[in-house]
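# what's the 3D shape of this:
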Amino acid sequence: MDKDGVASFEYVILSVCIVTIVGAVFKAGASGPIKNALTNAMITIGTAVNTAVGG
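Numbering: from 1, shown residues only. Sure, this is the predicted structure:
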């Protein structure tokens, strides 16, 4: 029995859910603790990458 197709479909569903949640959090005018946490995390990661590459 081939289960690869089922696993791939589950990943597609999960990806759609993640994109929808991120889109809702970052839409224009959105605010709240989730947006703040994700924004701060992205800034921290960007700063760390810039520091690592000497930018």
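
# which strands and helices sit next to the lengthiest helix in the chain?
Ordering each helix of the chain by length in residues (DSSP state H) puts helix 4-26 first. Contacts defined by 3 or more Cβ pairs under 8 Å, 6 or more residues apart in numbering; DSSP states H and E place helix 4-26 against helix 33-53. C-betas here are computed from N, CA, C, even on glycine.

# how big is the angle separating the helix it packs on from helix 4-26?
Helix 33-53 runs at 100 degrees relative to helix 4-26, counting by axes from the mean of the first three to the mean of the last three Cα atoms, to 10 degrees.

# look up the closest residue to the residue nearest the centre of the chain, ignoring the ones flanking it.
Nearest to the mean C-alpha position of the chain, counting by Cα atoms, centre = their mean, stands residue 22 at 6.0 Å. Counting by Cβ to Cβ, 6 or more residues apart in numbering, residue 22 lies nearest to residue 38, which is 7.7 Å off, once chain neighbours are set aside.

# correct me, but that neighbour touches residue 24?
No. Contact between residue 38 and residue 24 fails when scored by Cβ atoms under 8 Å: they sit 11.5 Å apart.

# buried set for the longest helix of the chain?
Buried residues in helix 4-26, counting neighbours by 16 or more other Cβ atoms under 10 Å, are found at residue 25.
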